[in-house]
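[1] Need coordinates for the following:
(chains A, B, C and D)
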2 protein chains.
Amino acid sequence: MVHDVKSQVSDEALVHRRRAQIIAAAVELFSHQGFYRTTIQDVAKKAGVSAGLIYQYVTDKEDVLLLVLLSVLDSYKHEIPAALEGVTDPLERFWAAVGAYCRVVDQRREATVLAYRSTKSLPDDRRRLIKESEIETNGMIAACLRDCVKAGLMREVNVELVAYQLVTFAHSWALKHWRLKELCDLEEYIAQGFDFFAQALLTPKGRRHQQKLKSGG
Amino acid sequence: MVHDVKSQVSDEALVHRRRAQIIAAAVELFSHQGFYRTTIQDVAKKAGVSAGLIYQYVTDKEDVLLLVLLSVLDSYKHEIPAALEGVTDPLERFWAAVGAYCRVVDQRREATVLAYRSTKSLPDDRRRLIKESEIETNGMIAACLRDCVKAGLMREVNVELVAYQLVTFAHSWALKHWRLKELCDLEEYIAQGFDFFAQALLTPKGRRHQQKLKSGG
DNA sequence: TTAAACTGAATGAGTATTCAGTCATTATGA
DNA sequence: TCATAATGACTGAATACTCATTCAGTTTAA
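    Numbers count the residues shown, from 1 in each chain, chains lettered A, B, ... in the order given. Okay, the predicted model is just below:
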């Protein structure tokens, strides 16, 4: 998918390095000033390169935005499977996935907000790439949910919809941070979310299982 | 608050009428093309006035955005109390408020998305107006929640936080409509949300009360 | 030596804002 | 009564400026 963005430069390692440089500068500027208020010259300056150079790695300004957004979504796509590594119990996997999601959102808070603000600034075809990536991430959460339902630990809910609610819960930490940070910190936010979703989703069997996890370890 | 925006024209009724005209055009254009892609000439054309006229009712382009956003938040602020009119039972009031919120979001879906996308495009002082308005609306939901908790119908949750989750649930219908509309329609969305939040929040007493409401009417 | 990477000033398209002037309406005064 | 003036909403072309993008030329490294 990064390969959908065309570059004049052929050396792949160089392309990768330069783009990382450009993305890092752009994330910061776009997050703070927004896409339209940020000029390519700003990005170039912050990245320590010339304006012309950027156009060797990207076809237009919107491509820079696309790269930035894909880099955010990529961090979701990597962190969640990493958090599930080696965990087998369905309920544990579920909490691990949701917790990991919340923590990535926290780490990349400004970029997450940027994604909400700017996705529509992309032309349709590039926007589709973003949506697909989001659906993929959602799918990971949905899969964890489904496993819990299958194991009889959770009620028979509409898995896709609930996955959205979970994702939204995580995103809200970024979107409404200006207010939420006055109400609680990240770990409290996660804890109350867990409590909330547990109440809503767990079957009696699920609840017993949950108790065991809590006490056991 | 609308009065924070200055106009050259003194006739108040005229100001109101003209602004409504400008806002109507701007909501549509901003929603579809975004704030930065929309020119003042576009707005003027759609509103059937000259570009110059707009500047008699507004000091700059950002003021147009502010007026648009305030008009969206105002519709929340009016619809919720309207839905609560004459309802006294705390649980009924709660569902009425949340349901009303979801329906306004649905009616003004594009404008809601616009609010998420564009609030940061405003300078800090004007953005504060928006945030205050949002806190006020949230307060209405929080108050309903608090009454349910006091009446022993709901668990002792962090009312402010849960209010945010409810608001977020409503907003998501707009923000993720591109995906959610494939999973369900608005009424299903609301129904599954009610089920979900009921499970998470109601006490045994609350559950019995809820049953009574459902069957009785 | 030369191809690839890079620079940064120049170009030109796009657009927020202004302002000199028009027009309809209302006040003035003879 | 009816010219004449004053008012203030309104118009839209002109201004002034901001950038995305290009490209002629320079540097780098093999």
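[2] nearest spatial neighbour of residue A:121, skipping sequence neighbours?
    residue A:35 (5.5 Å; C-beta to C-beta, 6 or more residues apart in numbering or on different chains). Yep, even glycine has a C-beta here, placed from its N, CA and C like the rest.
[3] Quick check: phi and psi on the one you found?
    Backbone torsions of residue A:35, given as degrees, to the nearest 10, read phi -60, psi -50.
[4] Repeat that for the one 3 residues further on.
    The main-chain torsion angles of residue A:38 are listed as degrees, to the nearest 10 and equal phi -90, psi 130.
[5] Quick check: which helices or strands does whichever strand or helix holds residue A:193 pack against?
    Taking DSSP states H and E as the criterion, residue A:193 maps to helix A:186-201. Applying 3 or more C-beta pairs under 8 Å, 6 or more residues apart in numbering or on different chains; DSSP states H and E, we find helix A:186-201 packed against helix A:90-107, helix A:159-175, helix B:159-175, helix B:186-201.
[6] Please tell me how far the residue nearest to residue A:94 when sequence neighbours are not counted sits from residue B:184.
    Once flanking residues are discounted, residue A:94 sits nearest to residue A:144: 4.4 Å by C-beta to C-beta, 6+ apart. Taken as C-beta to C-beta, to the nearest Å, the spacing of residue A:144 relative to residue B:184 amounts to 21 Å.
[7] hang on, residue A:88 in a helix?
    No - under DSSP: H, G, I helix; E, B strand; the rest coil, residue A:88 falls outside any helix and is assigned coil.
[8] so which of the helices and strands packed on helix A:186-201 comes closest to DNA strand C?
    helix B:159-175 (25.3 Å; C-beta to the nearest atom of the strand).
[9] one step back: quick check on residue A:144 and residue B:184: which one has the bigger neighbour count.
    Comparing residue A:144 with residue B:184 by other C-beta atoms under 10 Å in any protein chain shown, the one with more neighbours is residue A:144, at 25 against 16.
[10] So, low pLDDT: which residues of chain A?
    A:1-3, A:217 (pLDDT under 70).
[11] what does chain A put close to DNA strand D?
    A:36-41, A:51-52, A:55, A:60-61 (C-beta under 7 Å from any atom of the strand).
[12] Buried among those? Make that a PyMOL selection.
    Written as a PyMOL command, the selection of buried residues from the residues of chain A next to DNA strand D, which uses 16 or more other C-beta atoms under 10 Å in any protein chain shown, is:
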select buried, chain A and resi 38+40+55+61
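[13] So which of the residues of chain A next to DNA strand D is the closest to DNA strand C?
    Closest to DNA strand C, out of all of the residues of chain A next to DNA strand D and judged by C-beta to the nearest atom of the strand, is residue A:52, at 1.8 Å.
[14] so what's the backbone phi/psi at the closest one?
    According to degrees, to the nearest 10, residue A:52 has phi -60, psi -40.
[15] Dump the C-alpha coordinates for stretch A:150-169 into CSV.
    Output of stretch A:150-169 as CSV, limited to C-alpha atoms (Å, rounded to 0.1, in the frame of the first residue of the first chain):
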residue,chain,number,x,y,z
LYS,A,150,-18.3,-18.8,20.5
ALA,A,151,-16.7,-19.8,23.8
GLY,A,152,-20.0,-18.8,25.5
LEU,A,153,-18.2,-16.1,27.4
MET,A,154,-20.2,-13.3,25.8
ARG,A,155,-23.8,-12.8,24.7
GLU,A,156,-24.8,-13.2,21.1
VAL,A,157,-24.4,-9.5,20.1
ASN,A,158,-23.9,-8.0,16.7
VAL,A,159,-20.2,-8.5,16.6
GLU,A,160,-19.5,-5.9,13.9
LEU,A,161,-21.4,-3.2,15.7
VAL,A,162,-19.9,-3.8,19.0
ALA,A,163,-16.4,-3.8,17.5
TYR,A,164,-17.3,-0.4,16.2
GLN,A,165,-18.3,0.7,19.7
LEU,A,166,-15.0,-0.5,21.1
VAL,A,167,-13.0,1.2,18.4
THR,A,168,-14.9,4.4,19.0
PHE,A,169,-14.3,4.1,22.7
